[in-house]
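K.L.:
Whatever this is, show me its structure:
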Amino acid sequence: MPQILRIGPYIVYFWSNENNPLEPVHVHIAEGKATANATKLWITSTGKVILCNNNSKISEKILRKGSIAAHKGEKVLIPINMRDGSILAVGKGNPEWNYSAPHGAGRVMSRKQAIRSLSMEDYRKAMEGIYTTSVNEGTLDEAPMAYKSMGEILDAVKESVEIIDILKPKYNFKASEDENPFWKH
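P.N.:
You can find the predicted model right below:
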């Protein structure tokens, strides 16, 4: 896990590695004065993935809402849903896409609509094969069926990013309002 250190308005993320146990990999300047580059993803030589906050560069004059930077050669992670995982990709730097890619799958139904129309039985079936203790009424609005499909997103992003891999979850945890999680005590 990255270590997070707050120094005044700065939040600095650190990741331990063999050469330098506290090598800074990302600085996010708070209070709206400036922001770091959009999604920053590093894969270390030991295969650890580091993902930092999604913000736009002020210098590029592109405000991204619902999207991430996908500059040529820039690594990105696009989450789909709690069953299907995430797309690991590299940006193509397509100006027709504003050098961007979606920040996630996007919903096909609102949270309220998902709660009203999806069944717990279908939700449980959809999550078969993924270890989770989070399939409950409190997370029904996060069921995979509430989001666009992996296939839909893979087809949609082909002009913006080159797909490297699909990261499929083995374990999924999602907190719900109905629960009283241990960290809130």
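K.L.:
What segments of the protein are helices?
P.N.:
111-117, 120-126, 150-156 (DSSP state H).
K.L.:
Buried residues of the last one, list them for me.
P.N.:
Along helix 150-156, these residues count as buried under the neighbour rule (16 or more other CB atoms under 10 Å): 150, 153-154. No exception for glycine: its C-beta is placed from N, CA and C like everyone else's.
K.L.:
Report the spatially nearest residue to V157, omitting neighbours in sequence.
P.N.:
A101 (5.6 Å; CB to CB, 6 or more residues apart in numbering).
K.L.:
Also D84?
P.N.:
Going by CB to CB, 6+ apart, D84 has M150 as its nearest residue, at 4.6 Å.
K.L.:
my read: the one you found touches I163, true?
P.N.:
No. Taking contacts as CB atoms under 8 Å, M150 lies outside contact range of I163: 10.7 Å.
K.L.:
In the chain, what helix or strand scores lowest on average pLDDT?
P.N.:
Lowest on mean pLDDT, DSSP states H and E among the helices and strands of the chain sits strand 23-29, with a mean of 38.
K.L.:
returning to what we had before: which ones are touching the residue nearest to V157?
P.N.:
A101 sits next to 67-70, 76, 78, 89, 91, 157, 160-161 when contact means CB atoms under 8 Å, 6 or more residues apart in numbering.
K.L.:
between those, which is nearest M120?
P.N.:
I78 (27.6 Å; CB to CB).
K.L.:
what's the distance between the residue lying closest to the closest one once chain neighbours are set aside and M127?
P.N.:
Nearest residue to I78 in three dimensions, chain neighbours excluded: I87, at 4.3 Å (CB to CB, 6+ apart). According to CB to CB, to the nearest Å, I87 stands 19 Å off from M127.
K.L.:
can you pull up the bridge partners for the residue nearest to V157?
P.N.:
I68 (DSSP bridges).
K.L.:
Let me know the distance separating it from H71.
P.N.:
Taking CB to CB, one finds A101 at 10 Å from H71.
K.L.:
Right, I'll call it a day here.
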